[in-house]
Each structure stands twice: as C-alpha cells, then as structure tokens.
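>>> fold the following.
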Amino acid sequence: MPAQKKDPSVRARRNTASTATTLARPARKARVPAMPKLPRGETWHPEVKAWWSDVWRSPMASEFIDVDKRALGVLVVLHQDFWTAGTAAERNKAATEIRLQRKDFGLTPYDRRRLEWTIEEADAATARGRARRASGGVKQPTGAADPRRTLHAVPAPAPAM
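This next block holds a predicted model:
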C-alpha cells in the first residue's frame, strides 16, 4: 500500500495534479447503469454483476463521464472473461488486461494515489491527527512516574597507563 501523504500544512511544495480532488461517498441508492449486452446470449457471472454495482456505487463514480461508461463496459466484459475462463492461461491473460484497463478509473488504492483522489473519510482521519498534534500529542510522564528520572551520567574510567 502506498505511503500516507503529508498533511498539506507541512508540505514544502504545494503544487498538485489537475486531477486532485476529494471524493464523497455516494448515497446508498446510487443509480447503477445497465450492464452492456453480452455476445452470444450469455448471462453475466454473479461476481461480475457485483463488481459492476460496486464500481458505480463507489466514490470514484462521481468522476466518471459518459465516455468512461463505455470504457468501463469493455472492462466489465474482461471481468466476465476472467470469471468464465476455461484454463489458467486464459484467466491470466484476462487478469493482465484487466490490470492495464482499470488503472485509469482509480479502482485501486495506488491508482487513487496517482490521480491524487482522496476519499472523504481520509479527511476525517487527517482532522483527528491535526487535533492530536494541536493538543500536544502524546502525554509525557511527570514526577516520580517518569522513567527517565532513573537515568544518570556514569563517570568515565581513568585512562590506562
């Protein structure tokens, strides 16, 4: 998983990509477009139906435009090929193409990082961290409870002659 981004207040460079945005979670009843028609009268695999629904109910769906719907249609057919593959070689070939096609839609944590998309909950975690730093962070022990009070300097041994 990619490393966490620094808080904007401590960054030395403030330039961001033109794709940078914060994505909000859609409502539970977000509209899911109809899946493309399959060739040869096949039916969609249940895992593929679930994936299609998850994609369109994800925070990333707010960034998709009409042309993306067609590209996601190609990707859903590749998922169908993966789940209905007859051999490991066919499954591997479909998985390779899926990996290449999905990167442009922010469907993995790495891809969202590359596009500089953050999901709203991440902002809440950042706010909690900011509040913790403002309150002084970790409480240091005081008085007799402080284990550092047992530390003391040891005299250096006399040089050998």
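
>>> now do the longest helix anywhere in the chain: everything it contacts.
As assigned by DSSP state H, the longest helix anywhere in the chain is helix 66-84. Helix 66-84 is contacted from outside by 33, 35-36, 38, 42, 44-45, 47-48, 51-52, 55, 64, 90-91, 94-95, 97-98, 101-102, 104-105, using Cβ atoms under 8 Å, 6 or more residues apart in numbering. In this view, the C-beta of every residue, glycine as well, is placed from N, C-alpha and C.

>>> after it, which helix or strand is next?
Sequence-wise, the next helix or strand downstream of helix 66-84 (DSSP states H and E) is helix 88-102.

>>> flag the shaky bits of this protein, pLDDT-wise.
1, 8-9, 11-19, 26-28, 122-126, 136-144 (pLDDT under 70).

>>> which parts of it are strands?
Residue ranges of the strands in the chain, as given by DSSP state E, are 21-23, 117-119.

>>> those into a markdown table, with extra columns for distance to Leu78 and mean neighbour count?
Below are the strands of the chain laid out as a markdown table (distance: least, Cβ to Cβ, whole Å; neighbours: other Cβ atoms under 10 Å):
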| stretch | distance to Leu78 | mean neighbour count |
| --- | --- | --- |
| strand 21-23 | 24 | 15 |
| strand 117-119 | 22 | 18 |
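
>>> for PyMOL, write a command that selects the buried ones of the contacts of helix 66-84.
Buried members of the contacts of helix 66-84 can be picked out in PyMOL with the line below, counting by 16 or more other Cβ atoms under 10 Å:
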select buried, resi 35+36+44+45+48+51+52+55+64+94+98+101+102+105
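
>>> export the strands of the chain as JSON lines, with columns for distance to Val76.
Converted to JSON lines, the strands of the chain look like this (distance: least, Cβ to Cβ, whole Å):
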{"stretch": "strand 21-23", "distance to Val76": "21"}
{"stretch": "strand 117-119", "distance to Val76": "21"}
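
>>> so which of those gets nearest Pro59?
Of all the strands of the chain, it is strand 21-23 that lies closest to Pro59, at 3.7 Å by Cβ to Cβ.

>>> so what touches that closest one?
Pro59, Met60, Ser62, Glu63, Glu116, Trp117, Thr118, Ile119, Glu120, Asp123.

>>> filter the residues you listed to the buried ones?
Going by neighbour count (16+ other Cβ under 10 Å), these have Pro59, Met60, Trp117, Thr118, Ile119 buried.

>>> the first one contacts Glu120, doesn't it?
Right, Pro59. Yes: the criterion here is Cβ atoms under 8 Å, and Pro59 meets it with Glu120 at 7.2 Å.
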